[in-house]
Each structure stands twice: as structure tokens, then as C-alpha cells.
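**Q** Build the 3D model from these lines:
(one chain, ligands or ions: 1)
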Amino acid sequence: MANIQVFPTPAALYHSAAEYWVRTAKRAIERAGTFHIALAGGSTPRALYQLLATEPYAGQIDWRRIHVYFGDERYVPRDHPDSNYRMAREALLDSVAIPPEQILRIQTEFPEPELAADDYAQVLQSHLPEGEIFDLILLGLGADGHTASLFPETPILTVRDRLAAAVYVKKLKAWRISITYPAVEKARQILFLVTGADKAAVVTHVLSPSADKTLPVQHLQAQGEVSWYLDAEAARKWEVT
Ligand code: 6PG
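**A** All right, here's what the predicted structure looks like:
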């Protein structure tokens, strides 16, 4: 069963998430000397990344031991306003001393999204512990129940032989590159960060054991520890069962 925590405000959620990162990174570095984390994209995690770049959190993390990946990326240039890499770079990566070779972004310069995805699958296989295991994956949740870029009714939901794939999202009229179910499911830990009233309906559906399993996030068979950090707005329709 997942660990679910509801916070009174987004700020309280972000501080707890920063403490979670510090704790998890310390444990991984004690165990293996490194911490391999996949960042979530979108707007929710930006405030967490900004917090981690400041005290008291930045000084508690041995950034030289951190290996940063991306759960998904929009198929846009790295400096495009929609780029998850650009968001993370501005909010965190430019402010902390992670060795550049340990920031494994999804290279969207490839001429085709599938080539970018194949390249990233190779990057993950050659950089991750045991070729596939993230210590932590940060994930958001879309109102349609997608996470990373595992969108409803898309072929990526059936990909189980690779750690990353490209997906065309009709409603966005855009290509994405994303980690696939196997990559997420093998992670030691997963932390979902969900804020805002617009996510209240999907949160209730996803966290209700009796709800029908129609949404991509509900099909995750996570092998590791799953935690949900919700603010009061996102949790307001969810009845504690
Ligand atoms: C992305 C994310 C995506 C995001 C959800 C929630 O690239 O957009 O990976 O899965 O986490 O869409 O987005 P918000 O945090 O902006 O609500």
C-alpha cells in the first residue's frame, strides 16, 4: 500500500518533499556512493527544485554524488520554454555543483523523437545501477491520469522491452520522450507530487481502491516504495477510507 500524506499548503508539501529528497539521497549515498534520481516535469515540481537549491537543503546534499535524469521531456529544443530540462536547469541545476556528466538530459536534438528515445534508453541502461534501477523517481499526475508521458490510449502504455520510448500525444499535438512502465516499476522509491484543486477528481479516482483501473497511473506495478504527497486542494475530494 502506498504511503499517502496530505499537507495543508503547497509550501508545506514542498518542504517535506525536500526533506524526503535529502533523506533518500543520504541513504543511497551511504549504501552505494551515488544517488540516481529522475526528475518530474511540468509545473508542480519547480518550487521543490527551487527550494533544494537554497538552504537549509542545498548544504545537506552531496551534489557531487547525484546523477540526475528526466522522467520525460517534450520534444523541443533544450532552451525552449516548454523544456523540462530548461525548467530544472533554471530552478536547480544551475545553482548546485552536480558534475555536468552526471546530468543525463533527454537529447531532443535528434532529428526524430524515436531516435531521441532510443538514445535515452541506451543512456539509462549504461548509467543506472544494474542498468535499470533508479533510486528515486519524482512523478506528477495529469488530470487525465497520465504520469511522466504515459498518456491514456497511447502505444507507450504497451512498451515493456525498453526503458524509454517516444509518444505522440494527439490532444497536445506534440511528441514526448518518456520513461516506460518497466523503468518506473523497478525504481527503489517513487514520490508523486500533486497539488491544486484541478487534480482533486483524478486523485480521488486513483487512490480509491474500488475505482475501475482505467488510468495509466493505476497500471503501474511498482516494486519499490510509493509515496503520494498531496496538498489539501488536491486531496479535498479524497475520502480517507
Ligand atoms: C510533463 C510531466 C507530466 C506532469 C503532469 C502534471 O512533462 O508535463 O512529466 O507528467 O507531471 O502533466 O503537470 P503539472 O505539474 O504541470 O500539473
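
**Q** What about Leu13, how many residues nearby?
**A** Counted with other Cβ atoms under 10 Å, residues neighbouring Leu13 total 24. Heads up, the C-betas are built off the backbone N, CA and C, glycines and all.

**Q** need the longest helix for this structure.
**A** Scanning the chain for the helix with the most residues, using DSSP state H, yields helix 10-32.

**Q** Report the buried residues of that one.
**A** Within helix 10-32, the residues that count as buried by 16 or more other Cβ atoms under 10 Å are 10, 13-18, 20-22, 24-25, 28-29.

**Q** Point out the other helices and strands that it packs with.
**A** Other elements packing on helix 10-32 under the criterion 3 or more Cβ pairs under 8 Å, 6 or more residues apart in numbering; DSSP states H and E are strand 3-7, strand 35-39, helix 46-52, strand 136-139, strand 189-194, strand 225-231.

**Q** change it to 10 Å
**A** Secondary-structure packing of helix 10-32 (3 or more Cβ pairs under 10 Å, 6 or more residues apart in numbering; DSSP states H and E): strand 3-7, strand 35-39, helix 46-52, strand 66-70, strand 136-139, strand 189-194, strand 225-231.

**Q** Could you check the second one against the ligand for contacts?
**A** No. Against the ligand, strand 35-39 shows no contacts by Cβ under 6 Å from any ligand atom, the least distance being 8.9 Å.

**Q** Describe which strands that strand pairs with in its sheet and in which direction.
**A** strand 66-70 (parallel), strand 136-139 (parallel) (DSSP bridges).

**Q** residues touching the residue of the chain found nearest the ligand, list them.
**A** Residue of the chain nearest the ligand, by Cβ to the nearest ligand atom: Gly140 (2.2 Å). Taking Cβ atoms under 10 Å, 6 or more residues apart in numbering as the contact definition, Gly140 lies against 40-45, 71-72, 146-148, 192-195, 199, 217.
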